[in-house]
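Novice: coords please:
(2 chains)
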Amino acid sequence: MAKEGKTIDALSQFELTPFLGGFGQAIGFSQSNAFMLLALGLITVFVMVAAARGALVPGRLQSLGEASYEFIQGMVTEQVGDEGKKYFPFVFAIFMFVLFGNLLGMLPYAFTFTSHIAVTLTLAVIVFVTVTVIALMRHGMHFFSYFFPEGAPVWLAPIIIPVEVISYFSRVVSLSVRLFANMVAGHVMLKVFATFVVLLGGLGAVGPFVAILPLGVNIALVGFEFLVAFLQAYVFAILTSIYLHDAVHLH
Amino acid sequence: MRRILLAMTLSAVLPALSWAASSAGGPPVEGMPQLAFGHPVQGPLLIGQVVWQVIIFFALFLLLAFVALPRLGAVIDNRRQRIEADLEAARAAMHSADAAITAQRDATQAARSEAQAAVTAAMQAAQQEMDAKAEALNAALGKQIADAEAGIDQGRKAALGAVRQVAGEAVGALLSKLGASADAGKVQTAVQREAAARGIA
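Specialist: Numbering: from 1, shown residues only, chains lettered A, B, ... in the order given. I've put the predicted structure just below:
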């Protein structure tokens, strides 16, 4: 998208820029990675501060920290069972990384690293590899029986096995594309309507009054985007838990 | 005050990060920047982004799994244990209260039956005492009655004896008035016979 004139430039917000100029350029460290580091810091501080006082009757921040802890722990134990307790930190890290990525993106000047397919795909691959490694470690070669359900007619194997293998690998695609598409769509909509506000506001005397319409749409969209930010983090975490369940129990 | 400072710091971070991210440069990006792997500036940054992401995510996982989450988990476990201990203490207190209530009820029952027995015993003793007194009184009265009857009988006998004597004397006097005399012994015997015939012993 060209930047000249009064055109709607909804995509340049996703461009990467090197962090701290030549230094970032030299090590391939973009503002996206800076926001990942910020998310890492905020998540760690959030959990540490929530645990710091250790009050028997928690304050607001401690309540929030404990609520998120018990929310994810409940999700993992509900999906995976008691064997899933040791995978809880992994799911918690996934949930918080996605959630903070989405929420930081809602702040002005911020960059939404979850709007990059490369980032969501990497995250999905991390989940996929972790889950597959866990399954192989728990079940060894028996893991491959996952692709052929017990009791199915043997002559159906040439159809069932490819379908199961494809569906297993499509987890990566569905996980990554869902999050990426949601974040991109939301931010493009926000940018488009924000540009409408500016363009309409410049249309003479009636302009500012007409511009209220897209402004109202944007206000609603911001609320909607906060919902999507939580929802997508939840979806990513619960799908990770479901995949962990398959890895632990094989169906 | 602390909160305002915190909010100011936080609101300064994002513009600072934005400012620190200098302009990308290079030719304009065609299509979606997320897919611009061939772009001279965006391409290397996209690759670097993923590499750094893996490093940062791994660091986040390690921090959470081995430092931050165990602390929060300890706080939650601590509270759960505390609540369980308190519940256990409350349960024990309830049990002891129940036992105390049972003991109290038993003691009341025992005291009531004991009192009942004491009342019965006292009533029996009083009854016996009263019976004994009434018996003694009856005996004394009977004796008095018997004594009085004996006295009356004796008086009557004495009076009857006197009547026979008077009758003998009257007979003697009547006979002497008639000019006859009779043996005192015979008169006495006749009086005795007449008296017996009339039922006067």
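Novice: Let me see the backbone angles for the residue nearest to residue A:59 when sequence neighbours are not counted.
Specialist: Ranked by Cβ to Cβ, 6 or more residues apart in numbering or on different chains and with sequence neighbours excluded, the top spatial neighbour of residue A:59 is residue A:53, at 7.0 Å. Every residue, glycine included, has its C-beta placed from N, CA and C. In this entry, residue A:53 is assigned phi and psi values of phi -80, psi -30 (degrees, to the nearest 10).
Novice: buried residues in stretch A:169-180?
Specialist: Residues of stretch A:169-180 classed as buried by neighbour count (16 or more other Cβ atoms under 10 Å in any protein chain shown): A:171-172, A:175-176, A:178-180.
Novice: Restricting to those, which residues neighbour chain B?
Specialist: With Cβ under 8 Å from any Cβ of the partner chain as the criterion, the subset of the buried residues of stretch A:169-180 in contact with chain B comprises residue A:180.
Novice: which ones among the buried residues of stretch A:169-180 are found in strands?
Specialist: Among those, none falls in strands (DSSP state E).
Novice: ok, back up a step: and the residue nearest to residue A:59, how far from residue B:53?
Specialist: Between residue A:53 and residue B:53 the distance, using Cβ to Cβ, to the nearest Å, works out to 32 Å.
Novice: Of these two, which one has the most company?
Specialist: Set side by side, residue A:53 and residue B:53 show unequal neighbour counts under other Cβ atoms under 10 Å in any protein chain shown, the larger going to residue B:53 at 22 against 12.
Novice: what residues are up against residue A:208?
Specialist: When contacts are counted by Cβ atoms under 8 Å, 6 or more residues apart in numbering or on different chains, residue A:208 is found next to residue A:201.
Novice: now the helix or strand harbouring it: mean pLDDT?
Specialist: With the criterion set as DSSP states H and E, the secondary-structure element containing residue A:208 is helix A:207-210. Averaging pLDDT along helix A:207-210 yields 81.
Novice: Could you pull out the buried residues of it?
Specialist: Of the residues in helix A:207-210, none is buried under the neighbour-count criterion (16+ other Cβ under 10 Å).
Novice: which residue is nearest the middle of chain A?
Specialist: When chain A is reduced to its mean C-alpha position, the closest residue under Cα atoms, centre = their mean turns out to be residue A:98, at 3.5 Å.
Novice: What sits closest to that one if chain neighbours are left out?
Specialist: Ranked by Cβ to Cβ, 6+ apart and with sequence neighbours excluded, the top spatial neighbour of residue A:98 is residue A:233, at 4.2 Å.
Novice: How many residues are close by residue 67?
Specialist: Defaulting to chain A. Residue A:67 is flanked by 12 other residues according to other Cβ under 10 Å.
Novice: that answer is for a different chain, and I need it for chain B
Specialist: 13.
Novice: Over to residue A:16?
Specialist: The tally of other residues near residue A:16 (other Cβ under 10 Å) stands at 31.
Novice: Please report how far it lies from residue B:14.
Specialist: Shown here: residue A:16 relative to residue B:14, a distance of 17 Å by Cβ to Cβ.
Novice: Please give the element, helix or strand, for residue 195.
Specialist: This is for chain A. Counting by DSSP H and E, the secondary-structure element that holds residue A:195 is helix A:157-201.
Novice: you looked at the wrong chain, it should be chain B
Specialist: Assigning secondary structure by DSSP H and E places residue B:195 in helix B:184-198.
Novice: what about that helix, distance to the chain center?
Specialist: Using Cα atoms, centre = their mean, to the nearest Å, we find the averaged C-alpha position of helix B:184-198 to lie 91 Å away from the chain's own average C-alpha position.
Novice: repeat for stretch A:67-79
Specialist: 17 Å.
Novice: Over to stretch A:212-226?
Specialist: Relative to its chain's centre, stretch A:212-226 lies at 22 Å (Cα atoms, centre = their mean).
Novice: is any part of it close to chain B?
Specialist: No - with Cβ under 8 Å from any Cβ as the criterion, chain B is not reached by stretch A:212-226; the gap is at least 15.9 Å.
Novice: can you count the residues close to the residue of chain A found nearest chain B?
Specialist: Among all residues of chain A, residue A:28 sits closest to chain B, at 2.0 Å; criterion: Cβ to the nearest Cβ. Look at residue A:28: counted by other Cβ under 10 Å, it has 20 neighbours.
Novice: Could you look up the SS state of the closest residue to it other than its chain neighbours?
Specialist: Nearest residue to residue A:28 in three dimensions, chain neighbours excluded: residue B:48, at 2.0 Å (Cβ to Cβ, 6+ apart). Each residue gets one of three states, and residue B:48 gets helix by DSSP: H, G, I helix; E, B strand; the rest coil.
Novice: Got the phi and psi for the residue of chain A positioned farthest from its centre?
Specialist: Within chain A, residue A:205 marks the point farthest from the mean C-alpha position, 43.1 Å out by Cα atoms, centre = their mean. For residue A:205, the backbone dihedrals are phi -70, psi -40 (criterion: degrees, to the nearest 10).
Novice: ditto for residue A:18
Specialist: Given degrees, to the nearest 10, the pair of backbone angles that residue A:18 has is phi -60, psi 140.
Novice: what are the ranges of the helices in chain B?
Specialist: If DSSP state H is used as the criterion, the helices of chain B fall at B:2-20, B:42-63, B:69-177, B:184-198.
Novice: What residues sit buried inside the last one?
Specialist: It stands for helix B:184-198. If you call a residue buried by 16+ other Cβ under 10 Å, then helix B:184-198 has these buried ones: B:187-188, B:191.
Novice: which of those lies closest to residue B:8?
Specialist: residue B:191 (157.7 Å; Cβ to Cβ).
Novice: Enumerate every residue touching the closest one.
Specialist: By Cβ under 8 Å, 6+ apart, the contact list for residue B:191 reads B:164, B:167-168, B:171.
Novice: Just put the residues you listed in a markdown table and tack on neighbour count.
Specialist: Formatted as a markdown table, the entries for these read as follows, by neighbours: other Cβ atoms under 10 Å in any protein chain shown:
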| residue | neighbour count |
| --- | --- |
| B:164 | 15 |
| B:167 | 18 |
| B:168 | 18 |
| B:171 | 18 |
